[in-house]
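J.: The sequence and its predicted three-dimensional model are supplied below.
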Amino acid sequence: MSNDRKSIRRKSHGITIDEVASLAKVSPMTVSRVVNGKGNVRDSTRERVMRAVDKLGYTPNLAASTLAAAQNTRIALIYSNPSGAYLRELLVGVLHVASRTAIQLVIDYWDEMDAADERKAARRLAKGVSGVILPPPLCESHAAVQELVKANVPVVAIASGRFHDRISCVHIDEFRAAREMTEHLIAQGHQRIGFIKGRDDMTASELRFEGFRAALEAHGLPLDRHLVQAGNYTYRSGLQAAEKLLSRRVLPSAIFASNDDMAAAAVSVAHRRGLEVPRDLSVVGFDDSSSATTVWPELTTVRQPIGAMADAAVDVLLRSIRSGEQGERSIVDEVFGHQLVERQSVAPPPRTTTGRGRTG
């Protein structure tokens, strides 16, 4: 499957802002001010620039406009993500964009806040930044979003379903990705599949579970509620969930964990119980974070382009800031492609899944 995202970028028409500046005998920044309707440009200079624009047929490059808008722009990234692997990739992506666009990045850590604390923190933050990026799980904090929207601060949520019509979202199709992964396990012959859910307060968690359930239903397989365990996207919660799944008299032949950290934990529990992955138990994850390739065997997982999503979140946010300055704020719902990555953690099921290890 292609992992190309649906893009809101327009293609350049070939003429650059430097060429316009050269013809008009002004700086590229002056051209930017003119084409973006900014002040502090003499009428004679503005006319000269517009003549050059008309002569060359220049169409403003949105990426360049975004870069110009980034100068002296403070953007906050608020995090409290329990998955260290996911957070590292997200931070690297945002920091890369920050260095390229010259935005001023503010990183704020909110740990174990209730709704009242989140409102206070959002009000404080709104006074000093031009926009906010909300990754999971804060991407669906109603308290924080309401305060930021009230303060007219543009917000981009990463990996969130669209739960508010005044913020932008950057995400993958969680339902479809989870359904495809479940169908991959079923195609290998698995019919008794355990599922470790994510946080129950996140749309993405529910969509992944719904995708899992839809695949079972499409193949005429019953949903065994005893094989569905709660998780919290942390390694420790994955340990606890996997212990419950692998303590049953009849074991699942496969476990689908809602992220790689919990899948890695399931592999660890299987090894401790004398089960060989994937001979006795197949395990799959979600995200394709570093956890997927630091465990043995490496995990089959769903790849969502976390770095590219971070890049897009900054891009969308800068465009929203710029459109707000012009009187109408743009709201974007951008869906990225995902990819099922096959590694060594999946095999056909053993002949029997009763008790410890392979008995058949």
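T.: All right, it came through fine.

J.: Tell me the pLDDT of the most centrally placed residue in the chain.
T.: Nearest to the mean C-alpha position of the chain, by C-alpha atoms, centre = their mean, lies residue 159 at 3.8 Å. The score at residue 159 is 79. That number is its pLDDT.

J.: Tell me which stretches of the stretch 151-300 of the chain form strands.
T.: With DSSP state E, counting those that start in this stretch as the criterion, the stretch 151-300 of the chain has strands at 155-158, 168-172, 193-196, 228-229, 254-257, 282-284.

J.: okay, and for this structure, where does confidence drop off?
T.: 1-14, 33, 35-40, 59-72, 81-84, 100-101, 161-163, 324-329, 352-360 (pLDDT under 70).

J.: if I look at residue 305, how far off is residue 20?
T.: Per C-beta to C-beta, to the nearest Å, residue 305 is found 34 Å from residue 20. All C-beta atoms are positioned from the backbone trio N, CA, C, and that covers glycine.

J.: oh sorry, the question was meant for residue 51
T.: To residue 20, residue 51 is 10 Å away according to C-beta to C-beta.

J.: Between the two, which is the more surrounded one?
T.: Set residue 51 next to residue 20 and count neighbours by other C-beta atoms under 10 Å: residue 20 wins out with 25 against 13.

J.: Show me what the helix or strand hosting that one is packed against.
T.: Residue 20 is located in helix 17-24, with elements delineated by DSSP states H and E. Using 3 or more C-beta pairs under 8 Å, 6 or more residues apart in numbering; DSSP states H and E, the elements in contact with helix 17-24 are helix 28-35, helix 43-56.

J.: buried set for it?
T.: Going by neighbour count (16 or more other C-beta atoms under 10 Å), the buried part of helix 17-24 is 17, 20-21, 23-24.

J.: quick check, nearest of those residues to residue 285?
T.: Using C-beta to C-beta, residue 17 is the member of the buried residues of helix 17-24 that sits closest to residue 285, with 44.3 Å.

J.: Okay, the closest one and residue 85: tell me how far apart.
T.: As judged by C-beta to C-beta, residue 17 and residue 85 stand 40 Å apart.

J.: what distance separates the longest helix anywhere in the chain from the middle of the whole chain?
T.: Across the chain, the longest stretch assigned as helix under DSSP state H is helix 306-325. Distance of helix 306-325 from the chain centroid (C-alpha atoms, centre = their mean, to the nearest Å) equals 13 Å.

J.: pull the CA atoms of it into PDB?
T.: Taking Å, rounded to 0.1, in the frame of the first residue of the first chain, the C-alpha atoms of helix 306-325 are listed here in PDB:
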ATOM      1  CA  ILE A 306       5.300   9.800  12.600                       C
ATOM      2  CA  GLY A 307       8.100  12.100  11.400                       C
ATOM      3  CA  ALA A 308       6.200  13.100   8.300                       C
ATOM      4  CA  MET A 309       3.100  13.700  10.300                       C
ATOM      5  CA  ALA A 310       5.100  16.000  12.700                       C
ATOM      6  CA  ASP A 311       6.400  17.800   9.600                       C
ATOM      7  CA  ALA A 312       2.900  18.200   8.300                       C
ATOM      8  CA  ALA A 313       1.500  19.400  11.600                       C
ATOM      9  CA  VAL A 314       4.000  22.300  11.700                       C
ATOM     10  CA  ASP A 315       3.200  23.100   8.100                       C
ATOM     11  CA  VAL A 316      -0.600  23.100   8.700                       C
ATOM     12  CA  LEU A 317      -0.100  25.200  11.800                       C
ATOM     13  CA  LEU A 318       1.900  27.800  10.000                       C
ATOM     14  CA  ARG A 319      -0.600  28.000   7.300                       C
ATOM     15  CA  SER A 320      -3.400  28.400   9.800                       C
ATOM     16  CA  ILE A 321      -1.500  31.200  11.600                       C
ATOM     17  CA  ARG A 322      -1.000  32.900   8.300                       C
ATOM     18  CA  SER A 323      -4.600  32.600   7.100                       C
ATOM     19  CA  GLY A 324      -5.800  33.800  10.500                       C
ATOM     20  CA  GLU A 325      -3.700  37.000  10.000                       C
END
